[in-house]
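> Need a 3D model of the sequence below.
(chains A and B)
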2 protein chains.
Amino acid sequence: MNKKPLIIVVSAPSGVGKTTVIQYLMKQRNDLVISTSATTRPPRRGEQNGIDYYFLSKEAFEEKIKNNEFVEYAQVHDDLYGTLYSEIEKHFHSGKDLILELDVQGMRSIKSKFPHVITIFMMPPSLKEMEFRLKNRGTESEEKIQKRLKRALEEMKLRTEFDYTIVNYEVEQSANDLNSIIHAEHLKSHRVEIHLE
Amino acid sequence: MNKKPLIIVVSAPSGVGKTTVIQYLMKQRNDLVISTSATTRPPRRGEQNGIDYYFLSKEAFEEKIKNNEFVEYAQVHDDLYGTLYSEIEKHFHSGKDLILELDVQGMRSIKSKFPHVITIFMMPPSLKEMEFRLKNRGTESEEKIQKRLKRALEEMKLRTEFDYTIVNYEVEQSANDLNSIIHAEHLKSHRVEIHLE
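Predicted coordinates:
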């Protein structure tokens, strides 16, 4: 029985804690990798090129769009974000499951190209909680936070487009939810190869 | 967030160890119930009416067929087996997930009436292992065992009709597989009710 690697899209409005949940699960399993996106936004403190993102100039990004090097890309606020085909190919033969952190648009694009992709939407327990987390992070202006909250509410209306919904009450529980989804998806009949003797 | 109860069909050729796996999981969770089937086959040693099966005469069973009291029923070898609507209704408002142990025909019937039913096929690691388990049980003649093995091979060809496939290498691992499937299915977006504040 071979294990076919999964492509898993996780979406969440900013401030929900998606990355924390994924990192938590990755500490427990060594068969998961996270796709590194390309972006035109400037690095935040501590972020490294090729690890957190591929940081590209606007010109370099647009050149890659022209050359069809992106599986998906989208403008979020004032910056471009995208997933390179090369990034997916890099992991495809490793046998590890690949997690992509994308927004709703990105999920739609990738699903149109990889129909078997597994899609998960992560929710905040409440909008109040989300606002608290964003303010606590302290990296953005009040105006930007309000813009994000408005956008979050719009995104949440689209969560039924995703296969699964995880409400992030608490990181350990959410990581356990994510783990069960991955485990169960590997047991889908079309993914289980049987060689009967 | 309310938990909508699931209806889960588990099928497996006889001798795979399906019941052992389900019983193992039920010892760990109190939010699962097993549907009790009706049958015309005589009780085996230790089996109790209303617990292991509803043991009915052929006449009583056929009367209930006529009255449309069965969600599904089928002849297996020389006996009739069926699931009564009353049995599903009994559990529906309890909030517990209901497991039905059915064959392929039974799965098809119940799926046509309850499209959101979750279907799981359990496989033996090999046919040799299955033959060994059947002989070890010692309740049936060699002829009946060969009949079951032939039937098992036919059923296994239909496993792709099921949502999930569990290969029963070992009871604890298979119970864990079943547990993850149930956990993940509760996270399907259409089952997650959200009340945003």
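> Mind checking if stretch A:142-160 is in reach of chain B?
Yes - Stretch A:142-160 reaches chain B (CB under 8 Å from any CB of the partner chain) through A:153, A:156, A:159-160. Backbone N, C-alpha and C define where each C-beta goes, glycine included.
> in that stretch, what's buried?
Neighbour-count burial for stretch A:142-160 flags A:145, A:148-149, A:152, A:155-156, A:159 (criterion: 16 or more other CB atoms under 10 Å in any protein chain shown).
> Could I get the buried residue list for the lowest-mean-pLDDT helix or strand in chain A?
Within chain A, no helix or strand scores below helix A:127-137, which has a mean of 84 by mean pLDDT, DSSP states H and E. By 16+ other CB under 10 Å, the buried positions in helix A:127-137 come out as A:127, A:129-131, A:133-134.
> same question, stretch A:43-58
Buried residues in stretch A:43-58 (16+ other CB under 10 Å): A:52-56.
> if we can go back for a sec, identify all contacting residues around the least confident helix or strand of chain A.
Applying CB atoms under 8 Å, 6 or more residues apart in numbering or on different chains, the external contacts of helix A:127-137 come out as A:13-17, A:124, A:140, A:145, A:148-149, A:152-153, B:196-197.
> Closest one of those to A:Lys64?
Nearest to A:Lys64 among the contacts of helix A:127-137: A:Ser14, at 24.4 Å, using CB to CB.
> Give me the neighbour count for that closest one.
22 (other CB atoms under 10 Å in any protein chain shown).
> mind checking which helix or strand it is in?
For A:Ser14, there is no enclosing helix or strand under DSSP states H and E.
> check contacts around it.
Per CB under 8 Å, 6+ apart, neighbours of A:Ser14: A:134, A:148, A:152.
> if we can go back for a sec, return the closest of the buried residues of stretch A:43-58 with respect to A:Lys113.
A:Tyr54 (19.5 Å).
> wait, isn't that closest one in contact with A:Thr83?
No - assessed by CB atoms under 8 Å, A:Tyr54 is found out of contact with A:Thr83, at 10.1 Å.
> related to what we said a few turns ago, would you format the buried residues of stretch A:43-58 as TSV with secondary structure included?
Formatted as TSV, the buried residues of stretch A:43-58 follow (DSSP: H, G, I helix; E, B strand; the rest coil):
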residue	secondary structure
A:Asp52	coil
A:Tyr53	strand
A:Tyr54	strand
A:Phe55	strand
A:Leu56	coil
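> quick one on the thing from earlier: want to try TSV for the contacts of helix A:127-137, with distance to A:Glu63, pLDDT and secondary structure as columns?
Shown next, in TSV, are those (distance: CB to CB, whole Å; pLDDT from 0 to 100; DSSP: H, G, I helix; E, B strand; the rest coil):
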residue	distance to A:Glu63	pLDDT	secondary structure
A:Pro13	30	88	coil
A:Ser14	28	80	coil
A:Gly15	32	80	coil
A:Val16	33	88	coil
A:Gly17	34	89	coil
A:Pro124	37	90	coil
A:Glu140	29	82	coil
A:Ile145	33	88	helix
A:Arg148	29	84	helix
A:Leu149	34	88	helix
A:Ala152	32	87	helix
A:Leu153	35	88	helix
B:Leu196	41	68	coil
B:Glu197	45	59	coil
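> Closest one of those to B:Lys66?
Closest to B:Lys66, out of all of those and judged by CB to CB, is B:Leu196, at 49.9 Å.
> Quick one: low-confidence residue ranges for chain A.
Chain A contains residues with pLDDT under 70 at A:1-2, A:196-197.
> Helices of that one, residue ranges please.
Ranges of helices in chain A, per DSSP state H, are A:18-26, A:58-66, A:85-92, A:104-113, A:127-137, A:142-156, A:171-186.
> Show me which residues of chain A sit near chain B.
So chain A meets chain B at A:1, A:121, A:123, A:126-128, A:153, A:156, A:159-167, A:176-177, A:179-181, A:183-185, A:187-190, A:192, A:194, A:196-197 (CB under 8 Å from any CB).
> Can you lay out the buried residues of stretch A:142-160 as a markdown table showing distance to A:Leu32?
A markdown table is the format used below for the buried residues of stretch A:142-160 (distance: CB to CB, whole Å):
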| residue | distance to A:Leu32 |
| --- | --- |
| A:Ile145 | 31 |
| A:Arg148 | 27 |
| A:Leu149 | 30 |
| A:Ala152 | 26 |
| A:Glu155 | 24 |
| A:Met156 | 26 |
| A:Arg159 | 23 |
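> now, which of these sits nearest A:Leu100?
A:Glu155 (16.0 Å).
> quick one: the closest one and A:Gly106 touch, right?
No - with contact defined as CB under 8 Å, A:Glu155 does not count as touching A:Gly106 (11.5 Å).
> anything in contact with each of these two?
Common contacts of A:Glu155 and A:Gly106, defined by CB under 8 Å, 6+ apart, comprise A:Ser11.
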